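J.: Quick one: sequence and predicted model below, then my questions.
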Amino acid sequence: PLFGHMPMILGPDRTKLSKRHGATSTLEYRNQGFLPEAMSNFLALLGWSVDDKTEIIPSEDMLRHFSLERVGKSPAIFDRTKLEWMNGVYLRRMPQDKLINQLAEALDSYIREHQEPAQVPPTPEYLRTVVPLVQERLKTLNPKEAWDLCSFFLVEIPEYEQGLTPKGLTPEATRTALQATLAALQPLSFFDAATMEAAIRPLAERLQLKTGELFGAIRLAVTGRTAAPPLFDTLAVVGRKRVMTRLANAIFKL
């Protein structure tokens, strides 16, 4: 038999990879929400390459292109940030039906463990409307990351850890903006993104606000976040009843 030695894998501090650098079991990485295909791709590139630029390599391409000549001799660095990036690429490329089921499992796991009050259960049917808005933002399918990203779609009232006043606005101006938004949404026959945008966008000029300030106030009131998926698509998925409840609740708190 012939034997070959792969280069040693080092931690970010260039010392031998160990538990102090984080998880060292592939099963532990699976439990943290990393995909098998992303982990295989990442590990393969720690000691081998197709060329000097290709980083996303499906398993069938690895098998077709592998050669000992492309195995490096220098130690490789286990870069978790790069692993998360690569996992995100695979998640963005994942068929939505498959991602919906895996995201539902991650959210169910978090809700069971932490007894979170999800008023809207993360069923595959409902997540079919959510996934197009969050797929680009996912890095892993870790239950906590999944909940942090999707929780405002599932609860009645989100947590307002960042307050309710966006940068550049006073509480009084924010309250006025939300009152005008609530009044503009109430008579709408349809609660789709295009209809809401047509009703709300003109409010900025009327209220003498920048569009970003108005949208930021609405985003904070409805999601509790300063950064979230596209505003009007988000409002449509959250739904009329909960959007109106959240706007009224934010006005009351202000």
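T.: Alright, I've got the coordinates.

J.: When you work out contacts or count neighbours from here on, use the C-alpha atoms and nothing else.
T.: Fine.

J.: Show the residue spans covered by the helices in the chain.
T.: In the chain, helices defined by DSSP state H lie at 26-31, 36-44, 59-65, 80-93, 96-114, 124-134, 143-154, 171-185, 193-207, 211-223, 231-238, 240-253, listed in chain order.

J.: Give me the distance from the fourth one to the chain's centre.
T.: The offset between the C-alpha centroid of helix 80-93 and the centroid of the whole chain comes to 12 Å, using C-alpha atoms, centre = their mean, to the nearest Å.

J.: CA atoms only: put that helix into PDB for me.
T.: Taking C-alpha atoms only, helix 80-93 is exported to PDB below (Å, rounded to 0.1, in the frame of the first residue of the first chain):
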ATOM      1  CA  ARG A  80     -14.600  29.400  10.700                       C
ATOM      2  CA  THR A  81     -15.600  32.700   9.100                       C
ATOM      3  CA  LYS A  82     -14.900  31.200   5.700                       C
ATOM      4  CA  LEU A  83     -16.800  28.100   6.600                       C
ATOM      5  CA  GLU A  84     -19.800  30.200   7.500                       C
ATOM      6  CA  TRP A  85     -19.500  32.100   4.200                       C
ATOM      7  CA  MET A  86     -19.300  28.800   2.300                       C
ATOM      8  CA  ASN A  87     -22.300  27.400   4.200                       C
ATOM      9  CA  GLY A  88     -24.300  30.500   3.300                       C
ATOM     10  CA  VAL A  89     -23.500  30.000  -0.400                       C
ATOM     11  CA  TYR A  90     -24.900  26.500  -0.200                       C
ATOM     12  CA  LEU A  91     -28.000  27.700   1.700                       C
ATOM     13  CA  ARG A  92     -28.600  30.300  -1.000                       C
ATOM     14  CA  ARG A  93     -28.300  27.700  -3.700                       C
END
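
J.: Quick check: which of the helices of the chain is buried the most?
T.: The highest mean neighbour count among the helices of the chain, using mean count of other C-alpha atoms under 10 Å, belongs to helix 211-223: a mean of 24.

J.: what's the pLDDT at Gly22?
T.: Per-residue confidence at Gly22 stands at 68 (pLDDT).

J.: From here on, call the first residue 30.
T.: Right, with 30 as the first residue, what we last looked at is Gly51.

J.: for this protein, what are the low-confidence residue spans?
T.: Across the chain, residues meeting the criterion (pLDDT under 70) sit at 51-52, 146.

J.: Now with 50, please.
T.: Applying pLDDT under 50 to the chain picks out no residues at all.

J.: Dump the helices of the chain into CSV; add distance to Val100 as well.
T.: What follows is those, written out as CSV (distance: least, C-alpha to C-alpha, whole Å):
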stretch, distance to Val100
helix 55-60, 22
helix 65-73, 10
helix 88-94, 12
helix 109-122, 20
helix 125-143, 33
helix 153-163, 37
helix 172-183, 35
helix 200-214, 59
helix 222-236, 51
helix 240-252, 48
helix 260-267, 47
helix 269-282, 55
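
J.: With Asp80 as the reference, name the closest of those helices.
T.: Nearest to Asp80, of all the helices of the chain, is helix 88-94, at 10.0 Å by C-alpha to C-alpha.

J.: neighbours around Gly197, how many?
T.: 12 (other C-alpha atoms under 10 Å).

J.: just checking, it touches Glu242?
T.: Yes. Counting by C-alpha atoms under 8 Å, Glu242 is a contact partner of Gly197 at 7.1 Å.

J.: ok so, going back, so which of the helices of the chain is nearest Gly33?
T.: Each of the helices of the chain has some distance to Gly33 by C-alpha to C-alpha; the shortest is helix 65-73, at 15.1 Å.

J.: Nearest to Gly101, out of the helices of the chain?
T.: Ranking the helices of the chain by proximity to Gly101 (C-alpha to C-alpha) places helix 65-73 first, at 11.1 Å.
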